[in-house]
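Chemist: mind looking at a prediction? Sequence and model below.
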Amino acid sequence: MNFRVLVCSATILATAAALAKMPKNAFLIHPVANTEQLVREVESSRVVMDRYARHFALKPDDVLTYLRSLHVMRLPAPLTTTIYSVPTTGVLRTHVDTIPKGEKIFADNAGNPALRLICGNPLTLGPRRPYTMNKLEAAPVDEPTDALRKLSADVKPDEPKPLLAQNEPTAPAVVEETAPVAPATEPVVEPAPTIGHSDQLGILPILLAGGVLIGHGGGGGGGGNNPVPEPATLIALGSGVALLAKQRKRIA
């Protein structure tokens, strides 16, 4: 009974001591010494596999293939680089640190640093070309059905229209304004007043009678002496004679 308790206690202490040796925010749960132990731990622990798969963006089989290609080597000189870590929250983080000369690391076939041996934290984003993810598989293409074939046969593409016909601007219609034409009217000429021959003869007695009346002073009372024609009477008679002579010349 006491022996079993001692064995269990020793196992617990050994496990605690091993866990205590792992640095903070390490990718690995247990320490490893070579590539075989690294692959075994990653393959057996779902938590560790998930960390590497998320960091390298690879499938689990590709993660194991990549880790098997690594080997252990010592740094020939101090290395200042980006180190990827994972805290207890599971969120991947990065920080820059300097790894001292002579520390053991995992490197690829070209000698490039890949993982720190003491914690398994990556020093790189992984292979440039994933082993199986770089093979593109063509997606199967479904054969068109009879209905689609018939529909595509019935649909005809629109005939392209000439660019000039589409872009040519249309000229606005020109409307000619015509001035309204006034109706032609014949000029109306008023006849000039004329005095005929009979009228000329008829006007003479009137002029003479006017002169006589003017000469007698309008028929008022007076003496018995013979009246002497006044200047106004002579002027009136002379105008009448002159007008009569002028009209006769026009008629002749």
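Modeler: Received it, and whenever you're ready, just let me know what you need. These numbers come from a predicted model, not from an experiment.
Chemist: so where does residue 47 fall, helix or strand?
Modeler: Using DSSP states H and E, residue 47 maps to helix 46-56.
Chemist: and that helix, what does it pack onto?
Modeler: If contacts are counted by 3 or more CB pairs under 8 Å, 6 or more residues apart in numbering; DSSP states H and E, helix 46-56 sits against helix 35-44, helix 60-68. All C-beta atoms are positioned from the backbone trio N, CA, C, and that covers glycine.
Chemist: quick one: which of the ones you listed is nearest residue 120?
Modeler: With CB to CB as the measure, helix 35-44 is the member of the helices and strands packed on helix 46-56 nearest residue 120 (6.9 Å).
Chemist: just checking, what packs against the closest one?
Modeler: Contact partners of helix 35-44 among helices and strands, from 3+ CB pairs under 8 Å, 6+ apart: helix 46-56, helix 60-68.
Chemist: with mean pLDDT and distance to residue 83 added, can I get the ones you listed in TSV?
Modeler: Output for those, formatted as TSV (pLDDT from 0 to 100; distance: least, CB to CB, whole Å):
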stretch	mean pLDDT	distance to residue 83
helix 46-56	96	12
helix 60-68	96	18
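Chemist: now those helices as JSON lines including mean neighbour count and distance to residue 21?
Modeler: JSON lines is the format used below for the helices and strands packed on helix 35-44 (neighbours: other CB atoms under 10 Å; distance: least, CB to CB, whole Å):
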{"stretch": "helix 46-56", "mean neighbour count": "17", "distance to residue 21": "16"}
{"stretch": "helix 60-68", "mean neighbour count": "17", "distance to residue 21": "21"}
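Chemist: ok so, going back, list just the one of the helices and strands packed on helix 46-56 that sits closest to residue 54.
Modeler: For the helices and strands packed on helix 46-56, distance to residue 54 was read as CB to CB. The smallest value, 9.9 Å, belongs to helix 60-68.
Chemist: could you check the angle the closest one makes with helix 35-44?
Modeler: Angular relation of helix 60-68 and helix 35-44 on a 0 to 180 degree scale: 160 degrees, by axes from the mean of the first three to the mean of the last three CA atoms, to 10 degrees.
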